[in-house]
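Trainee: Turn this into a structure:
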Amino acid sequence: MITHFDMVSGQVVGDENHDTPAVPNPGVGSLRLLTVQEAAAIAPRPAAPVPADIALLPVSHLLAKWE
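Mentor: Model (predicted):
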């Protein structure tokens, strides 16, 4: 059994309405699990792989490309 106390007065509070939240939040619907399609749609995409031939280019060529 859990005893609930009033934080201001220290009096014991009755257990009549402890199943419902004190302040309802109208913006939040019921919680549910995502479907596989929803989870796949919001999953972060891996970065595009860097081509292997970039390792053979000289550094000056790469720097010139990004200046």
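
Trainee: rest of the way, CA atoms for contacts and neighbours
Mentor: OK.

Trainee: Which phi and psi values does residue 54 adopt?
Mentor: Reported as degrees, to the nearest 10, the phi and psi values for residue 54 are phi -70, psi -30.

Trainee: Just the pLDDT for it.
Mentor: You'll see residue 54 listed with a pLDDT of 80.

Trainee: I'd like to know how many residues surround it.
Mentor: Residue 54: 10 surrounding residues under other CA atoms under 10 Å.

Trainee: what about the most centrally placed residue in the chain, distance to residue 6?
Mentor: By CA atoms, centre = their mean, the chain has its centre lying nearest to residue 42, at 10.9 Å. Here residue 42 is placed at a distance of 43 Å from residue 6 (CA to CA, to the nearest Å).

Trainee: do residue 31 as well
Mentor: Distance from residue 31 to residue 6, by CA to CA: 29 Å.

Trainee: And residue 63, by the same measure?
Mentor: Taking CA to CA, one finds residue 63 at 67 Å from residue 6.

Trainee: those strands in the chain, which residues are they?
Mentor: Counting by DSSP state E, the chain has strands at residues 4-5, 12-13.

Trainee: Cool, thanks, talk later.
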